[in-house]
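Colleague: Attaching a predicted model along with its sequence, questions to come.
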Amino acid sequence: MTVTLIATGCGWFGTDKALHRVGPQPRYSEIWSADPSIDLFDRGAELVRAAVEAATYTRFAGLRQTFPGFEDAIDTERQRRRGSYVDLISPRGRASLGLPRTDFNHITELSVSDSYLSAIVCNYVIFDSPQPDYDPGPGVVAIKVRLSNPSKDPGQPGTPDRRREVADSPGGYVPDWNVFGPWRVEELDLEYERLPDGCASWFQARYPMSVRRGENDMSAPLGTIAPTMPVGIHYPEWIGPSEG
């Protein structure tokens with residue numbers, strides 16, 4: 001029998017095989033958006049969100065306390081060969097995960113089939129107070145995401161979180177079920193060669209004065225004072241597996 005025990009600090013949830021420990025509440029949040037043609041709650045976009053959030057949270061809490069199923073979904077041999085690609089997912093480094101901040105993520109270039117998906121996730125960060133050790137102004141990075149599914153099982157999708165401005169009490173920052181199912185993470189790396197147009201237009205809409213400095217760099221003008229804000233409400237939250 002499956003037993004679920006979720007706490008506000010550390011917690012446990014049960015599976016048929018073993019108990020999986022969920023790590024502590026992070027001091028950051030992630031807020032998602034997507035191109036108009038992409039539904040954040042479609043299965044493909046959900047898997048993209050899960051992969052990126054799990055990688056970031058793994059840096060915070062460790063692989064044994066991260067999203068259920070993430071350890072099975074990533075290629076651990078590949079990590080040993082080239083260094084953990086989980087480490088690449090937070091462009092501001094491990095230390096920044098201990099600082100209260102909000103990650104803004106945007107999905108673009110999503111392509112999905114029953115056995116494969118790829119997408120680009122655009123990301124920028126706002127801290128809750130000035131951080132002189134980090135970039136003086138906001139800048140956007142692009143993350144390449146690819147997953148594959150060797151089976152015909154799509155996995156267990158989640159219940160959509162439709163209340164953007166409200167922290168759902170049943171939901172949380174880590175799902176209490178294996179969102180990935182049979183899906184495997186093939187790639188989760190920063191895009192160094194180019195900044196996709198979807199990321200550039202998304203970031204420029206938020207920072208109209210931002211400028212491109214090469215094929216893969218777009219940031220606020222030199223001398224810009226980085227904005228600050230209280231840690232935002234995590235959106236979407238992970239409420240639970242869908243019953244549909």
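Modeller: Arrived safely, thanks for sending.

Colleague: and whichever helix or strand residue 55 is part of, what's its mean pLDDT?
Modeller: Using DSSP states H and E, the element containing residue 55 is helix 43-61. Summarised as a single mean, pLDDT over helix 43-61 is 91.

Colleague: Could I have the CA atoms of it written out in PDB?
Modeller: The C-alpha trace of helix 43-61 is given here as PDB (Å, rounded to 0.1, in the frame of the first residue of the first chain):
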ATOM      1  CA  ARG A  43       1.800  16.600 -20.900                       C
ATOM      2  CA  GLY A  44       4.800  17.800 -23.000                       C
ATOM      3  CA  ALA A  45       5.100  21.200 -21.200                       C
ATOM      4  CA  GLU A  46       4.600  19.500 -17.800                       C
ATOM      5  CA  LEU A  47       7.500  17.200 -18.500                       C
ATOM      6  CA  VAL A  48       9.700  20.100 -19.500                       C
ATOM      7  CA  ARG A  49       8.700  21.900 -16.300                       C
ATOM      8  CA  ALA A  50       9.400  18.800 -14.200                       C
ATOM      9  CA  ALA A  51      12.800  18.200 -15.700                       C
ATOM     10  CA  VAL A  52      14.000  21.800 -15.200                       C
ATOM     11  CA  GLU A  53      12.600  22.200 -11.700                       C
ATOM     12  CA  ALA A  54      13.900  18.800 -10.600                       C
ATOM     13  CA  ALA A  55      17.400  19.600 -11.900                       C
ATOM     14  CA  THR A  56      17.400  22.900 -10.000                       C
ATOM     15  CA  TYR A  57      16.000  21.300  -6.900                       C
ATOM     16  CA  THR A  58      18.600  18.500  -7.100                       C
ATOM     17  CA  ARG A  59      21.200  21.200  -6.800                       C
ATOM     18  CA  PHE A  60      19.500  22.500  -3.700                       C
ATOM     19  CA  ALA A  61      18.600  19.200  -1.900                       C
END
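
Colleague: which helices and strands sit right next to it?
Modeller: strand 28-34, helix 70-73, strand 101-112, strand 116-127, strand 139-148, strand 184-190 (3 or more Cβ pairs under 8 Å, 6 or more residues apart in numbering; DSSP states H and E). Backbone N, C-alpha and C define where each C-beta goes, glycine included.

Colleague: Kindly recompute the last result at 7 Å.
Modeller: Helices and strands touching helix 43-61, by 3 or more Cβ pairs under 7 Å, 6 or more residues apart in numbering; DSSP states H and E, are strand 28-34, strand 101-112, strand 116-127, strand 139-148, strand 184-190.

Colleague: In the third one, which residues are buried?
Modeller: Spelled out, that is strand 116-127. When burial is assessed from 16 or more other Cβ atoms under 10 Å, strand 116-127 yields the following buried residues: 117-127.

Colleague: and the angle for it with helix 43-61?
Modeller: Going by axes from the mean of the first three to the mean of the last three Cα atoms, to 10 degrees, strand 116-127 is angled at 50 degrees with respect to helix 43-61.

Colleague: Ok, the fourth one next?
Modeller: Going by the same axes, to 10 degrees, strand 139-148 is angled at 110 degrees with respect to helix 43-61.
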